[in-house]
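> predicted model follows, preceded by the sequence.
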Amino acid sequence: MALEVVSLSSGYGPITVLHGVSFRAEPGRVSCIMGRNGAGKSTLLKCLMGLVPARSGTITLNGVALHGLPAHEVPRRGIAYVPQGRRLFGPLTVAENLAIGGLVTGNRPETLHRVLTLFPRLRERLTQTAATLSGGEQQMLAIARALCLDPRVLLLDEPTEGLQPSMIALIQEAIVVLKARGVAVVLVEQRVDAVLKLADRVAFMVSGRIVEDRDVSGLRADADAFRTYVGV
Amino acid sequence: MAFGPFLLLALMEGLVTAAVLALAAAGLSLVFGVMRVVNVAHGEFYMLGAILAWVVASVVPGPPAVGFVAALVIAPVLVGALAAAADGLILKRLHYDPEATIVATIGLLYMIQQATLSLYGPNANPVPAPFEWRIQLPWFGYSGYKLFVVLAAGVVLLALWIFMRRTKAGLIMRATQVDRTTARSFGINVDLVYMGTFALGAGLAALAGVLIVPIQQAQYLMGGDPLLLSFIVVIIGGLGSLRGTLIAALVIGLSDGTISMFFTPTLAKIIATLLVAMVLVFRPQGLFGARA
């Protein structure tokens, strides 16, 4: 299930943030988007989810148009989203957050079992409210909630931001498992080491435009690209 | 009558007030909690419930209980449908903007009130209680219907709690209440949730109106007092907190009942208003509300 974005423009009110972005995410591959703060990475993911309307261009999943759909219809097409800052339903329990994640697929027990096998720590916290979890556990829950949707495409917005190394390793392992299962992963990430470890392709964004889209193998020996577009 | 029995009578009257108030205020709190809409027209849904109860009781043949049971079902459903229409035609078009919806619901209040005056008239009409049973205590007799009101309100509020805590629809409403944007990204049709919530809130107010109308009379201006008291209750309890609303309704209802009987109803309202002022000064989020 390939997600294809062609000449996408979007923004907020009078401000245009995305200028003709074209991008492709393939099944079983991790496509990474990098760029400085304000480059438009998060807006791109929100636009893919229908949370920020597209002004022009197309978004298709296996040739079926997603642009113009109301936001609540997008996850029904198999796209899940882990927003920056997690945005969990804090007063709801872990089990209830996962149930919200599985709403559109009918909360299949086998999906929940698979998700809890990936993040066994959540199994011990099912009756705890999400707001009382540690930062790492909250991030696990944010990803687990999205996985309850049994997605074909997973959008992750800086999933390792502010986490301790052991948690980062756990989340990276989860991404590797998802990739092996054939999920198309779109990862917005600032950490170069994580990108080099996980990504198959890297697209660099500058001021709402994708200025370079390269295979990660070519980037391993090219630190200049990261310095130029990300500043690290 | 001696002080003890008089106090018991006052507390029983207060309990009836608290029960009806809890129903109406739960609707107001639900609408604010989920939709962030301060529904100034809420009292008119209560009034419409009472008026429709009179209409249904008038047209349904047979003993009063038949008409009353029919009103218990029909009035909340019709008022809920009206509220759903108002949501789609007015609130949704305003994108649920908090300030704009206050103005819009003030307009809705006058539209409903004046339409009722035109169609129903200015008279207050009685609706017979579904049964005339009285409980005889050693000191005084007490209306069995009033005890039924307390019981019925308790059952409905328990059902509401179960609905919110144990059902899929309740879970969706609570998730929408926390974060409507994230709720959308998990397939929740927030517009539909808002419509359902507004209808449910109005239906609860209408149900309170149906329950009260055999005690008071149905009249087109009767929505004012419950609106004021409902706002007092939800401010004290914490806007959006169902638990706070129920506890505050009990406190306000019981104090209203006892102070009204021992002193005057006006003093009861003054004390309730003072209580709101103190809550706003010392704990603006209400006793059980989350800090903004």
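Sure, I can see it. Remember, it's a predicted structure, so these values are computed and weren't measured experimentally.

> for chain A, what are the nearby residues on chain B?
Neighbours of chain A within chain B, by CB under 8 Å from any CB of the partner chain: B:168, B:171-172, B:174-175, B:178-179, B:181-190. For every residue, glycine as well, the C-beta is placed using N, CA and C.

> and with 6 Å instead?
Neighbours of chain A within chain B, by CB under 6 Å from any CB of the partner chain: B:171, B:175, B:178-179, B:182, B:184-189.

> among these, which are in helices?
In this view, these that belong to helices under DSSP state H are B:171, B:175, B:178, B:182, B:184.

> which of the residues of chain B next to chain A lies closest to B:Q285?
The closest of these to B:Q285 turns out to be B:V178 (CB to CB; 15.9 Å).

> nearest residue to that closest one in space, please, no chain neighbours.
In space, and not counting its chain neighbours, B:V178 is closest to A:F89: 4.5 Å by CB to CB, 6 or more residues apart in numbering or on different chains.

> and that neighbour, what does it touch?
A:97, B:175, B:178 (CB atoms under 6 Å, 6 or more residues apart in numbering or on different chains).

> OK, contacts around the closest residue in space to B:P126 that isn't next to it in sequence?
In space, and not counting its chain neighbours, B:P126 is closest to B:Q217: 5.0 Å by CB to CB, 6+ apart. Taking CB under 6 Å, 6+ apart as the criterion, B:Q217 is in contact with B:124-126.

> let's go with 10 Å and repeat that
B:Q217 makes contacts with B:50, B:54, B:123-127, as judged by CB atoms under 10 Å, 6 or more residues apart in numbering or on different chains.

> over to A:C148?
Listed by CB under 10 Å, 6+ apart, the contact partners of A:C148 are A:80, A:97-105, A:107-108, A:111-112, A:114-116, B:186.

> now A:P165: how far from A:Q172?
In this view, A:P165 and A:Q172 are 10 Å apart by CB to CB, to the nearest Å.

> hmm, I was thinking of A:T132
For A:T132, the distance to A:Q172 - CB to CB - is 25 Å.

> more neighbours, these two?
Using other CB atoms under 10 Å in any protein chain shown, the more surrounded residue of A:T132 and A:Q172 is A:Q172, with 17 against 13.

> measure the more buried one to chain B for me?
A:Q172 sits 23 Å away from chain B, going by CB to the nearest CB, to the nearest Å.

> pretty sure that residue sits against A:V185.
No - judged on CB atoms under 10 Å, A:Q172 makes no contact with A:V185 at a distance of 11.3 Å.

> how about low-confidence regions in chain A?
Residues of chain A meeting the criterion pLDDT under 70: A:1, A:232.

> setting the sequence-adjacent residues aside, check what's closest to B:F6.
Of all residues not flanking B:F6 in the chain, B:M261 sits nearest, at 7.2 Å (CB to CB, 6+ apart).

> for B:L94, that is, sorry about that
Using CB to CB, 6+ apart, the closest residue to B:L94 is B:A100 (4.3 Å).

> list the contacts of the nearest residue to B:G170 once chain neighbours are set aside.
The shortest distance from B:G170 to any non-neighbouring residue, by CB to CB, 6+ apart, is to B:M164 (3.9 Å). Contact analysis of B:M164 by CB under 10 Å, 6+ apart lists B:30, B:33-34, B:170-171, B:173-174, B:177, B:200, B:242.

> could you point out the longest helix in chain A?
The residue-count maximum for a helix in chain A (DSSP H) belongs to helix A:165-180.

> and what about the residue nearest to A:V74 when sequence neighbours are not counted, helix, strand or coil?
Distances taken as CB to CB, 6+ apart place A:G50 nearest to A:V74, at 4.5 Å, with adjacent residues excluded. At A:G50 the chain is in coil, as set by DSSP: H, G, I helix; E, B strand; the rest coil.

> same deal with the one 10 residues further on?
Under the three-state scheme (three-state DSSP), the conformation of A:T60 reads as strand.

> in chain B, which spans are strands?
With DSSP state E as the criterion, chain B has strands at B:134-136, B:141-143.

> centre of the chain versus the first one, how much separation?
So that's strand B:134-136. How far strand B:134-136 lies from its chain's middle: 27 Å, per CA atoms, centre = their mean, to the nearest Å.

> residues of it that come out buried?
Buried residues in strand B:134-136, counting neighbours by 16 or more other CB atoms under 10 Å in any protein chain shown, are absent.

> counting contacts, what elements does that strand pack onto?
When contacts are defined as 3 or more CB pairs under 10 Å, 6 or more residues apart in numbering or on different chains; DSSP states H and E, strand B:134-136 packs onto strand B:141-143, helix B:144-166.

> coming back round to it: joint contacts of A:Q172 and A:V185?
Common neighbours of A:Q172 and A:V185, using CB under 10 Å, 6+ apart, are A:L198.

> which residue packs closest to B:A268, ignoring adjacent ones?
B:I259 (3.9 Å).

> tell me the contacts of A:E158?
Counting by CB under 10 Å, 6+ apart, A:E158 touches A:41-42, A:82-85, A:139, A:187-191, A:194.

> just the ones in strands from the residues you listed, please.
The strands, defined by DSSP E, take in A:82, A:187-188 from these.

> just the closest of those residues to chain B, please.
Closest approach to chain B among those (CB to the nearest CB): A:V82, at 9.6 Å.

> what is the closest one paired to in the beta sheet?
With DSSP bridges applied, A:V82 shows beta-bridge pairing to A:L156.
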